[in-house]
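Student: Give me a model of this one.
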Amino acid sequence: MQSKLTLRLDESLIRAAKAYAREADKSLSQIVADYFSVLAAKKGETELDLNSLPPITRSLIGSVKIENVVEDDYYTYLMEKYR
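Tutor: Okay, the predicted model is just below:
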């Protein structure tokens, strides 16, 4: 069963998302649904259908191994980068 979802976003983000959807030959709703599916699979709530991902995305899965990274590490990295 599909339901309606209303999102409030910055107009420039909406324009960029619509342009991306046109280029990908998908609806904006499908782009959002795909993204939510990836998020749910990442949390283990659903199983990710790898065949539904774009080929470039599929090719990147598992290419980076990150262990024990915490939010503080990323914050420190950003502080150093933009110093």
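Student: show me what contacts the nearest residue to Ala24 once chain neighbours are set aside?
Tutor: The shortest distance from Ala24 to any non-neighbouring residue, by CB to CB, 6 or more residues apart in numbering, is to Ile31 (6.8 Å). For every residue, glycine as well, the C-beta is placed using N, CA and C. Ile31 makes contact with Ala17, Tyr20, Ala21, Ala24, according to CB atoms under 8 Å, 6 or more residues apart in numbering.
Student: So what's the gap between the helix or strand containing Ile31 and the chain middle?
Tutor: According to DSSP states H and E, Ile31 maps onto helix 28-42. Put simply, helix 28-42 sits 7 Å off its chain's centre (CA atoms, centre = their mean, to the nearest Å).
Student: on that earlier part again, from the contacts of Ile31, which ones fall inside helices?
Tutor: Using DSSP state H, the members of the contacts of Ile31 that fall in helices are Ala17, Tyr20, Ala21, Ala24.
Student: Got a ChimeraX select line for the buried ones in those?
Tutor: ChimeraX command restricting the ones in helices among the contacts of Ile31 to the buried ones, with burial defined by 16 or more other CB atoms under 10 Å:
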select :21
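Student: Any regions of the chain where pLDDT drops low?
Tutor: For the chain, the stretches flagged by pLDDT under 70 are 43-48, 66, 69.
Student: Can you give me the distance of the spatially most distant residue from the centre of it to Tyr77?
Tutor: Most distant residue from the mean C-alpha position of the chain: Arg83, 28.0 Å away (CA atoms, centre = their mean). Applying CB to CB, to the nearest Å, the value for Arg83 to Tyr77 is 11 Å.
Student: Okay then, goodbye and thanks.
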